Structure formats: C-alpha cells, structure tokens
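Participant: The following block contains a protein sequence and its predicted model.
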Amino acid sequence: MHRVLPLKVHYYGTPVVLVSSTNPDGTSNLAPMSSAWWLGQNALLGLASGSRTTQNVLRTGEAVLNLASSDLVDHVDRLALLTGSPELSPHKRDTGYRYEPRKFEAAGLTPTPSDLVAPPRVLECPIQLECRVSGHFPIDNGSAHAQAIHVEVLRAHVADAVRLPGTTYVDPQAWDPLIMKFCDFFGGGAPLAPSRLAEGWQMPGRLEAAS
Ligand SMILES: Cc1cc2nc3c(=O)[nH]c(=O)nc-3n(C[C@H](O)[C@H](O)[C@H](O)COP(=O)(O)O)c2cc1C
C-alpha cells in the first residue's frame, strides 16, 4: 500500500561533488553539493542562490567538480556547516553555519592546480572535472531559491585506482562514490546487477549477470 506523504526532502541518493571556485579576492572556495546530474559532457548543478559557490561560478564562468569517494566522508562532513560568504543569511546563521575563508585547510584537503581553469582541483578526489559555465536559469519558488547551472566538462582527471586498467573508462566496481541519501552519507554499496543500458552501450567492466 502506498500513502500520500508530504515529503520534505527529495534527496534519494546522489554522489557528493566538491565544487571548487574562485573568490573575488582570487582565493579558492570549496563546497559540497549533490544536486547534480550528467548528460554527455554536461552537468546541471542545483545550487542555492545565496551560496558563495553560486556567486563565484556565475561571476567567473568556471568551476572544478571534484567527485568525492566514500573514504572522504570525514573531510566532506567538516565542510558541511561552513560557507565562504562573509555575510551569512539569517537562515544559515540559525542552522549553525559559520564563515570560513580557508575551506581546503578546514577540510584537510589539498588544492592542486588545474590545467584549463583557475579553481584548483582536490588532490584527494579520484575524479576531478574542469568545467566551464554554459548557462543558468533561476529556480525561485516556495521550496527553493536557487540556480540551475549548466556546465561543460573541459577536462577529466581520473586516478589510476578507479580506472579500468588499459582503458579510458572509470571502473564501476573500483569507483565508490560518497552518496548523500536524504541527509545521510552512504558508501561501499555492494554491486547488485548489471544494467541493460551498460550492455547496450557496450561498456567495459560490467558485472556478470546472475544466471
Ligand atoms: C553532502 C552535502 C550536499 C549538499 N548539496 C547541496 C546542493 O546540492 N545544492 C546546494 O545549494 N547546497 C548543497 N549543500 C549545502 C552547501 O554545501 C552549503 O550551502 C554551503 O554553504 C555552500 O558553501 P559556500 O557558501 O561556501 O558556497 C550540500 C551540503 C552537503 C554537506
């Protein structure tokens, strides 16, 4: 039986992305987000209008999307109640956020230079995507004051540990994304079954279908 529920949160389980961006004074900001989806070499990011990251990304037209693996959960969690904005909204202040201009240090993560964009990559993240903004549109209603930001992936950096040996593919079994489900973190989920899509696309590294 299904019930009609007034669900407050629709975070059903998405990978955590650490977005690095450039502040107006040239320093770097870093923020976790998970409202991201992917299509070809594009990503669409749902980011609150008031966050420093949103302002930085729209002003500079650049970002690096650093995909966090599950073993980075403590580092990500250290960023959870920090903002790079010196001015906090009443909502953020009430939620317990505080201003932190040095997010990399606060998280214990290492900035490393990007090739094509100004924001640094996060060395510890196995997948780092240098991106350029292509467009954006506002989402302003009762439940969100946000921007949907379309970015294009210019260059992907992939750690050997998550690469399918001898190929240019990420190994789906080696890559263990940190997942935000509702408001909790998940990782290390056991592989269950191959997808038909992966078969249709002739993707290497598929699981064996159960007989
Ligand atoms: C795991 C996780 C996922 C998050 N996902 C999002 C998201 O998808 N969109 C968003 O606007 N904020 C998200 N947040 C909240 C931002 O990290 C928060 O607004 C933060 O202040 C942004 O930092 P900034 O103000 O320095 O940009 C998430 C936070 C955590 C810890």
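Facilitator: In hand now; what should we look at?

Participant: Tell me, how many residues neighbour Tyr12?
Facilitator: Tyr12 is flanked by 9 other residues according to other CB atoms under 10 Å. Every C-beta, even on glycine, is put in place using the N, C-alpha and C of the backbone.

Participant: can you check Val133 too?
Facilitator: Val133: 17 surrounding residues under other CB under 10 Å.

Participant: Report whether the helix or strand harbouring it contacts the ligand.
Facilitator: Element membership for Val133, per DSSP states H and E: strand 127-141. No. Counting by CB under 6 Å from any ligand atom, the ligand is not contacted by strand 127-141; separation bottoms out at 10.5 Å.

Participant: Name every strand pairing with whatever helix or strand comes next after that strand and say which way it goes.
Facilitator: Using DSSP H and E, the next helix or strand after strand 127-141 towards the C-terminus is strand 144-158. Applying DSSP bridges to the sheet, strand 144-158 is found paired with strand 42-48 (antiparallel), strand 127-141 (antiparallel).

Participant: Up against the ligand, what does the protein have?
Facilitator: Going by CB under 6 Å from any ligand atom, the residues of the chain near the ligand are 16, 29, 31-35, 46-48, 51-53, 80, 83-85, 97, 180.

Participant: and if we set it to 5 Å?
Facilitator: Within the chain, the residues that sit near the ligand (CB under 5 Å from any ligand atom) are 16, 31-35, 47-48, 51-53, 80, 83-85, 180.

Participant: Output the below-cut-off pLDDT ranges for the chain.
Facilitator: Counting by pLDDT under 70, the ranges of the chain that qualify are 189-195, 197-201, 203, 205-211.

Participant: hey, where'd the helices end up in it?
Facilitator: 52-60, 73-79, 90-95, 103-107, 196-200 (DSSP state H).
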